[in-house]
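Asker: give me a 3D structure for the following:
(one chain, ligands or ions: 1)
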Amino acid sequence: MKAAVIDNFDQPPAYRDFADPVPNGPEELVEVVAAGVHQIVRGQASGRHYSSHRQLPMIPGVDGVCRRSDGSLAYFGGLRAPYGTFAERAAAPMLMPLPDGLDPAVVAASMNPGMSGWNALAVRAALQPGQSVVVLGATGASGQTAIQAAKLLGASEVIAVGRSAAGLRAVSEHADHTVRIDSGTDWPAQVAALADHVDVVVDYLWGEPAAGLLGALVAGRADSTRQLTWAQVGSMAGSPLALDSELLRSSNLHLIGSGLGSVPMEQIGTQLPAFLGHLAAGHLHVTPVRRRLADVTEAWSEPIPPGQRLVIVP
Ligand SMILES: NC(=O)c1ccc[n+]([C@@H]2O[C@H](COP(=O)([O-])OP(=O)(O)OC[C@H]3O[C@@H](n4cnc5c(N)ncnc54)[C@H](OP(=O)(O)O)[C@@H]3O)[C@@H](O)[C@H]2O)c1
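Answerer: Below you'll find the model as predicted:
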């Protein structure tokens with residue numbers, strides 16, 4: 001079959017022949033319809049993501065939409081290395097039937113970014129209706145859908161914090177407040193001043209922005225014993241963070257992560273129907289930028305508009 005193949009972690013994938021997958025045990029042979037180029041996909045294809053199996057050659061791609069032998073469409077993922085979803089065919093161990101009427105490219109673009117905030121809030125932070133939420137790194141595809149997820153899950157107030165002014169303008173219709181990360185301002189204090197208490201932070205940045213905001217939120221708390229749940233989801237601003245021990249002793253800070261390895265697969269499965277229902281209703285939607293599998297090498301480094309997602313269609 002034809003596939004996008006990584007032969008070297010420093011190079012984009014090449015469009016070339018690769019051995020067809022042979023289903024093993026419960027795996028089902030399917031035709032790939034659409035697959036998204038998410039940050040995790042780029043991280044695995046460069047060997048840098050913690051979930052990378054670092055086996056070459058490999059086909060990248062963690063999830064997508066496929067057609068089963070009965071003609072129906074399903075969401076799928078979790079393929080056995082070295083296989084990924086940027087190929088004509090796959091042996092899928094995990095399949096979730098899709099409701100009628102969903103555009104496969106929209107599903108492929110939206111599931112990974114959309115489920116990141118949904119899982120962080122609904123599963124890991126167990127957000128309660130009426131709680132207030134900050135989304136740090138709100139201008140990416142994941143951050144913008146996390147704002148909507150917080151509202152759909154009953155948050156009373158959502159503060160969107162991000163770097164690009166244009167990205168913040170784009171998310172302002174869903175967020176109650178927006179604050180721009182600008183090294184020339186005390187933006188963490190601006191965020192802290194917007195709410196008497198923040199209950200949950202969904203963090204896509206980590207690094208310096210997270211350290212600054214964490215300090216300001218703890219310092220600005222009216223009741224230091226009220227729980228502040230910090231859900232770490234992405235690290236666009238860097239992986240290390242210097243954490244002052246006083247922050248933990250002087251507040252009721254719960255520092256948790258949400259991602260592959262921390263969210264049990266069964267819990268992801270229980271959240272998927274609700275998530276897909278919202279997607280079908282037009283919420284949590286990420287706009288796909290469709291490119292053909294044959295053009296994957298050029299598409300890999302193409303600039304994609306903020307908040308949109310490159311989707312490969314065989
Ligand atoms: N754990 C999970 O389940 C999960 C799932 C999905 C994604 N993620 C992670 O979440 C992160 C975001 O993913 P995404 O899908 O939103 O990616 P994306 O659509 O490519 O957006 C990335 C965003 O990061 C922002 N950014 C980059 N460097 C920054 C910095 N130094 N300071 C502030 N903002 C910065 C960019 O802001 P500008 O607009 O200003 O350029 C852009 O909006 C990634 O680390 C990804 O791996 C985790």
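Asker: tally of neighbours for the residue in the stretch 1-150 of the chain that the ligand sits nearest to?
Answerer: The ligand sits closest to residue 140 of the stretch 1-150 of the chain, with a gap of 2.3 Å, by CB to the nearest ligand atom. In short, each C-beta sits where N, CA and C put it, glycine included. Using other CB atoms under 10 Å, residue 140 has 26 neighbouring residues.
Asker: okay, domains of this protein per the record?
Answerer: Here the domain parsing of the chain from automatic domain parsing is 2-111+285-313, 126-257.
Asker: how about those domains in JSON lines, adding mean pLDDT?
Answerer: Compiled in JSON lines, the domains of the chain are given as follows (pLDDT from 0 to 100):
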{"stretch": "domain 2-111+285-313", "mean pLDDT": "96"}
{"stretch": "domain 126-257", "mean pLDDT": "96"}
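Asker: is the ligand contacted by stretch 180-194?
Answerer: Yes - part of stretch 180-194 sits near the ligand under the criterion CB under 6 Å from any ligand atom, namely residue 181.
Asker: now the domains of the chain as CSV including distance to residue 274?
Answerer: Shown next, in CSV, are the domains of the chain (distance: least, CB to CB, whole Å):
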stretch, distance to residue 274
domain 2-111+285-313, 12
domain 126-257, 9
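Asker: closest to residue 266 out of these?
Answerer: domain 2-111+285-313 (11.3 Å; CB to CB).
Asker: give me the distance from that closest one to the chain's centre.
Answerer: The chain centre lies 15 Å from the centre of domain 2-111+285-313; the measure is CA atoms, centre = their mean, to the nearest Å.
Asker: helices of the protein, residue ranges please.
Answerer: 39-45, 104-118, 141-152, 165-171, 187-194, 207-219, 245-249, 265-280, 296-300 (DSSP state H).
Asker: quick one: contacts for the residue of the stretch 1-150 of the chain closest to the ligand?
Answerer: 113, 162, 167, 204, 234, 236, 306-307 (CB atoms under 8 Å, 6 or more residues apart in numbering).
Asker: one more time with 7 Å
Answerer: 204, 307 (CB atoms under 7 Å, 6 or more residues apart in numbering).
Asker: can you check residue 262 too?
Answerer: Taking CB under 7 Å, 6+ apart, one finds residue 124 in contact with residue 262.
Asker: swap in residue 90?
Answerer: 21, 30, 32, 66, 76, 79, 83.
Asker: let me know the pLDDT of the spatially most central residue of the chain.
Answerer: Nearest residue to the geometric centre of the chain (CA atoms, centre = their mean): residue 113, 3.0 Å. pLDDT, residue 113: 98.
Asker: let me know which of the helices of the chain is the nearest to residue 290.
Answerer: Across these, closest to residue 290 is helix 104-118 (CB to CB), at 5.4 Å.
Asker: which single residue in the stretch 201-314 of the chain comes nearest to the ligand?
Answerer: For the stretch 201-314 of the chain, CB to the nearest ligand atom, closest residue to the ligand: residue 234, 2.3 Å.
Asker: show me which residues of the protein are close to the ligand?
Answerer: So the chain meets the ligand at 38-40, 112-113, 116, 137, 139-143, 163-164, 167, 181, 204-205, 209, 233-237, 258-259, 306 (CB under 6 Å from any ligand atom).
Asker: could you rerun that using 5 Å?
Answerer: With the criterion set to CB under 5 Å from any ligand atom, the chain comes near the ligand through 39, 113, 116, 139-142, 163-164, 167, 204, 233-234, 236-237, 259, 306.
Asker: which residues in the stretch 1-150 of the chain form strands?
Answerer: Remark: strands assigned in the stretch 1-150 of the chain by DSSP state E, counting those that start in this stretch are 2-5, 14-17, 28-36, 63-67, 73-77, 89-92, 94-97, 132-136.
Asker: which of the ones you listed is buried the deepest?
Answerer: Of these, the one with the most neighbours on average (mean count of other CB atoms under 10 Å) is strand 132-136, at a mean of 29.
Asker: and it, what other elements does it pack with?
Answerer: Helices and strands touching strand 132-136, by 3 or more CB pairs under 7 Å, 6 or more residues apart in numbering; DSSP states H and E, are helix 141-152, strand 157-162, strand 200-203, helix 207-219.
Asker: ok, and which of these has the densest surroundings?
Answerer: Among these, highest average neighbours (mean count of other CB under 10 Å) belong to strand 200-203, with a mean of 29.
Asker: what lies in contact with it?
Answerer: For strand 200-203, the external contacting residues (CB under 7 Å, 6+ apart) are 117, 120-121, 125, 127, 131, 133-137, 146, 210, 229-233.
Asker: dump the C-alpha coordinates for it into PDB.
Answerer: Provided in PDB are the C-alpha atoms of strand 200-203 (Å, rounded to 0.1, in the frame of the first residue of the first chain):
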ATOM      1  CA  VAL A 200      -9.300  24.800  37.300                       C
ATOM      2  CA  VAL A 201      -6.400  25.700  34.900                       C
ATOM      3  CA  VAL A 202      -6.100  23.800  31.600                       C
ATOM      4  CA  ASP A 203      -2.500  24.300  30.700                       C
END
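Asker: thank you kindly, that will do.
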